[in-house]
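Undergrad: take this sequence and fold it.
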Amino acid sequence: MPLISEKILAGQRVLITGGNSGIGAAIVRAMAKAGARVAINYLSNSPDAEILADEIREGGGEALTINADISQEAQVCALFQAVVEKWGSLDILVANAGIQQDAPFTEMTLAQWEKVLSVNLTGQFLCAREAVKIFLQRGVRPELSCACGKIIFISSVHDIIPWAGHVNYAASKGGLLMFMKSLAQEVAHQKIRVNAISPGAIQTPINRAAWQTRQAKADLLTLIPYGRIGEPADIGRAAVWLASDDSDYVIGTTLYVDGGMTLYPAFRDNG
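TA: Got it, this is the predicted structure:
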């Protein structure tokens, strides 16, 4: 596997929402390996967050854990304040936290619709707003990065692929796509880079049913032209690259890390 350039993010401060498990935890590890100080936001499973933070510290890195519900404005403000109080500022936001509450359309409740939108879209707005305020207050620090700040939204291939039975989730990710682009357009002249990563099928505990059995895995692989299910580390490495000056000219772009899932493989043989 390709290796992350050593200490490419040395000295930078990064906040990863939903960073205590799955893709979020992989991003935490990748950022720490690249030299960043990592703030791990979590909503539940505090022990997982603390174990991950201890792992980072034992490896010589710096880590901070902060509990917050990103759909709640007051908690988001407190989350960012805690990072600034600890490290003085923030250089990178990875807005990763997201949820699913699935149901057939006619059975989906208003509460399910609103909860998913409140976390997956409103929560990203709240976090990005606080990050941009901090970036603009600090300005560019050339010794750290040629950008004033970097925001990476973790989205999904379902920002462009429809998903029956998951209309709230797909709508939230489709909305996030345009939110990301609009924000990138608005703040690029202020040297703030905004981009997104849209993972495809990634092997995490939350979707174990989709890959655990031989038949489930075979069915899933029919959707992935590259012939393997993604690993959380695939997203971690992509996030480090988007956060680094190696991608300084990448603005308002979604990086699809999906093994080709968005190529609509069913059409490979003329549909």
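
Undergrad: ok so residue 55 is a strand residue?
TA: No - Residue 55 is assigned helix when assessed by DSSP: H, G, I helix; E, B strand; the rest coil, not a strand.

Undergrad: measure it to residue 231 for me?
TA: Per C-beta to C-beta, to the nearest Å, residue 55 is found 18 Å from residue 231. C-beta here means a position set from N, CA and C on the backbone, and glycine is covered the same way.

Undergrad: equivalent analysis for residue 37, please.
TA: The value you get for residue 37 to residue 231, if C-beta to C-beta is used, is 25 Å.

Undergrad: count the residues that sit near the closest residue in space to residue 112 that isn't next to it in sequence.
TA: Leaving aside its sequence neighbours, residue 112 sits nearest to residue 101 (C-beta to C-beta, 6 or more residues apart in numbering; 4.3 Å). Counted by other C-beta atoms under 10 Å, the residues lying close to residue 101 total 16.

Undergrad: how about the secondary structure of residue 101?
TA: coil.

Undergrad: buried ones in the lowest-mean-pLDDT helix or strand in the chain?
TA: Every helix and strand of the chain was ranked by mean pLDDT, DSSP states H and E. The lowest is helix 214-221, at a mean of 86. For helix 214-221, a neighbour-count test (16 or more other C-beta atoms under 10 Å) marks 220, 221 as buried.

Undergrad: next structured bit after it?
TA: Next helix or strand after helix 214-221 toward the C-terminus (DSSP states H and E): helix 232-243.

Undergrad: returning to that earlier point: who has more neighbours, residue 37 and residue 231?
TA: Neighbour tally, residue 37 and residue 231, criterion other C-beta under 10 Å: the higher count belongs to residue 37, 24 against 15.

Undergrad: state the distance from that one to residue 266.
TA: Residue 37 is 44 Å from residue 266, where distance means C-beta to C-beta.

Undergrad: with residue 252 instead?
TA: Taken as C-beta to C-beta, the span from residue 252 to residue 266 is 29 Å.

Undergrad: just residue 6 next, same as before
TA: Taking C-beta to C-beta, one finds residue 6 at 41 Å from residue 266.

Undergrad: return the alpha-carbon coordinates of stretch 113-124 using CSV.
TA: What follows is stretch 113-124, C-alpha atoms only, in CSV (Å, rounded to 0.1, in the frame of the first residue of the first chain):
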residue,chain,number,x,y,z
TRP,A,113,-36.0,12.5,8.0
GLU,A,114,-35.1,15.4,10.2
LYS,A,115,-32.6,13.6,12.3
VAL,A,116,-30.5,12.5,9.3
LEU,A,117,-30.6,15.9,7.8
SER,A,118,-29.8,17.6,11.1
VAL,A,119,-26.6,15.5,11.4
ASN,A,120,-25.5,14.9,7.9
LEU,A,121,-26.2,18.4,6.5
THR,A,122,-26.9,20.9,9.2
GLY,A,123,-24.1,19.5,11.4
GLN,A,124,-21.7,20.0,8.5
